[in-house]
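In: let me see the structure of the following:
(chains A and B)
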Amino acid sequence: MSSPLLTSLAATDIDTGNTAWLLAAAALVMLMAPGLALFYGGMVRSKSVLNMIMMVFGALAVVSVVWVLVGYSIAFGDDVVGGLFGDPFQYLAFGDMVDGVTASGIPLPLFAIFQGLFAVITCGLVAGAIADRTRFGAWLVFAALWTVLVYSPVAHWIFDFDAEGHTGGWMANQLGAFDFAGGTAVEITSGASGLAVALVLGKRIGFGRDPMKPHNLTLVMLGAGLLWFGWFGFNAGSQLAADGRAAIVFVNTLVAGCTGCLAWLLVERVRDGHATSFGAASGVVAGLVAITPACGFVTPLGAMAVGLAAGTLCAVAIGWKYRFGYDDSLDVVGVHLVGGLVGTLLIGLLASTSIYADGADGLLYGGGLDQLGKQAVACVATFTYAFVVSGLLALALERTMGFRVEEDHEVTGVDLVIHAESAYDLHAATGGARPHLGGSGGSLLDRHDQ
Amino acid sequence: MKLVTAVIKPHKWEEVREALETFGVTGMTVSEVSGYGRQKGHTEVYRGAEYDIALVPKIRIEIVVDNGDVEDVVGIVVKAAQTGRIGDGKVWVSSIDSVIRVRTGDRDEAAI
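Out: A predicted model of the protein is given here:
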């Protein structure tokens, strides 16, 4: 995010160019949610694709509402204590906001909902760690509480800049860490939360023994494409202005996805013997994850280096779950945590004041170790907070309402048991049973897991 | 009457069907099946994790024929389905007691 972000209310005129771009960018970020749903949906087995998609759509529905009600205030309200969280009542339900304008001339409700869609996608990412085995109702409760307790505070730390009459978060202001569009708040937070929740829920039945290969790689490719498209809004929109730096960010977002893809394919070709479509999709996302924090601080050449590093390291990191025995089902740790760490730390090496004069030069541009140290502190703080609080939240839900489905329901498949649907009707003879009109009583399925 | 069952490679199915039709076979039942023999399966790699896929897709053809046609039909199927490589499949012949045509109630030879 560019700083300083906010002026006092109604102090600035609206800039129509910037506003038009951010309206479009916000819609692009919203498209990342269905994109992620397809990306993840294709990766799971056919018996749980609908549930996977529903977890992401559910995150969209719940997190958006919670963000409007209270999340935005916690993230961007006046700081309450020590740069840790904002006043939860300041913009309750987006009240007292309609006349607000940001420093770059954007109506405050637009800025606020643009930020809300970041919370949505971050929450959706967490779902990938707990595929095939999560109770849907408990997931929705988790999404709501997680938005309040995990995402909103971290967003306050890194995205809420000090301004006249406004105190923001500690990472952005006191520490001085750089995170353009969410390497910490989005990527490291989702990866750390995913790891914690996956550890609480435990491994899927048959993890590491039974085949759990992706059931539809064309969905994965389509989802990756939609994510990439939406990511232009995510990154270039985070400039909050239609200007030259937004254009550089746009370029960086393209080339980092490209080099991430190529690096991942190279690792696969050498290690496994084949360059795969799944690897291409994963490499694109790894590159995009890593460039997210860095895109406003590095040159296009630097962005290519960030993508290469992320594509390589993430392609290696996805193997850790088998070695260490945690079932991060769709590699949220391997891609988003590792990619987020890579991108956030590489700012310390590759940041250039030629791109952002008010930024800093990284180690490779003669800036010394100072910025790298700040980036490392931001990484450790974000990981620790998101991991601990998400883990405790998941544990509380598992102990009270139950977070994981019963064993036989997991074996049958969560699509059928939770949603009473199957994704694909490929056999007309068995798919054409007569409908029972007027109520769902007498179903073959019990409804325990709903 | 005999039941001839053939399990063959999917890409040979059209050749087998044409050869049987030329001979005069007027109908058959075909299913997409999977299995394995000496060919075994294959290996797939997803995000670095290798999966041994045991089952290979095959086409199963079932034809009921008069006793006198059995050798011809078996010969035609084998000739048309053969590539000479491992995984070409199997053909087997079994006896059946009776056949009934659902539309007319005709039995046995009249129903073939």
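In: any idea how many residues pack against A:E407?
Out: 10 (other C-beta atoms under 10 Å in any protein chain shown). C-beta here means a position set from N, CA and C on the backbone, and glycine is covered the same way.
In: for the closest residue to it other than its chain neighbours, give me its contacts.
Out: Of all residues not flanking A:E407 in the chain, A:I205 sits nearest, at 6.5 Å (C-beta to C-beta, 6 or more residues apart in numbering or on different chains). A:I205 makes contacts with A:E407, A:E410, A:V411, as judged by C-beta atoms under 8 Å, 6 or more residues apart in numbering or on different chains.
In: so who does A:A381 touch?
Out: Taking C-beta under 8 Å, 6+ apart as the criterion, A:A381 is in contact with A:W157, A:M171.
In: try 10 Å this time
Out: A:A381 sits next to A:V154, A:W157, A:I158, A:W170, A:M171, A:L175, A:A177, A:T184, A:I188 when contact means C-beta atoms under 10 Å, 6 or more residues apart in numbering or on different chains.
In: please, which helix or strand holds the second one?
Out: Assessed by DSSP states H and E, A:W157 sits inside helix A:152-159.
In: okay, that helix in PDB with CA atoms only?
Out: Only the C-alpha atoms of helix A:152-159 are listed here, as PDB (Å, rounded to 0.1, in the frame of the first residue of the first chain):
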ATOM      1  CA  SER A 152      -8.100  -7.900  10.800                       C
ATOM      2  CA  PRO A 153      -5.400  -7.400  13.400                       C
ATOM      3  CA  VAL A 154      -2.600  -8.500  11.100                       C
ATOM      4  CA  ALA A 155      -4.000  -6.200   8.300                       C
ATOM      5  CA  HIS A 156      -3.900  -3.400  10.900                       C
ATOM      6  CA  TRP A 157      -0.300  -4.100  11.700                       C
ATOM      7  CA  ILE A 158       1.000  -3.900   8.100                       C
ATOM      8  CA  PHE A 159      -1.600  -2.100   6.000                       C
END
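In: how much space separates the nearest residue to A:L393 once chain neighbours are set aside from A:V70?
Out: For A:L393, the nearest residue in space outside its immediate sequence neighbours is A:L145; the separation is 5.7 Å by C-beta to C-beta, 6+ apart. When distances are taken as C-beta to C-beta, to the nearest Å, A:L145 and A:V70 turn out to be 11 Å apart.
In: show me which of the two is the more surrounded one.
Out: A:V70 (21 against 18).
In: can you classify the closest residue to the more buried one other than its chain neighbours by secondary structure?
Out: Once its chain neighbours are removed from consideration, A:V70 has its nearest residue in A:P88; the separation is 5.3 Å (C-beta to C-beta, 6+ apart). When the structure is split into helix, strand and coil by DSSP: H, G, I helix; E, B strand; the rest coil, A:P88 lands in coil.
In: list phi and psi for A:P88.
Out: When read as degrees, to the nearest 10, the backbone of A:P88 gives phi -70, psi -10.
In: so what's it up against?
Out: A:L69, A:V70, A:G71, A:Y72, A:S73, A:I74, A:A75, A:G77, A:V80, A:V148, A:S152.
In: give the buried subset of the residues you listed as a ChimeraX selection command.
Out: Buried members of the contacts of A:P88, defined by 16 or more other C-beta atoms under 10 Å in any protein chain shown, are picked up in ChimeraX with:
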select /A:69,70,71,72,73,74,75,77,148,152
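In: from the contacts of A:P88, pick the one nearest B:V16.
Out: Distances from these to B:V16 were compared by C-beta to C-beta; the smallest belongs to A:G71, at 63.8 Å.
In: roughly how far does that closest one sit from A:A112?
Out: Using C-beta to C-beta, A:G71 is found at 10 Å from A:A112.
In: overlap of the contact sets of the two?
Out: Both A:G71 and A:A112 are contacted by A:Y91, under the criterion C-beta under 10 Å, 6+ apart.
In: next structured bit after the helix or strand containing A:D408?
Out: Secondary structure here is read from DSSP H and E; on that basis A:D408 sits in helix A:407-412. Under the assignment DSSP H and E, the closest C-terminal helix or strand after helix A:407-412 is helix A:414.
In: report the mean per-residue pLDDT for that next one.
Out: Average pLDDT, helix A:414: 97.
In: check what contacts that helix and list those residues.
Out: So helix A:414 is contacted by A:44, A:47-52, A:54-55, A:131-136, A:405, A:449 (C-beta under 10 Å, 6+ apart).
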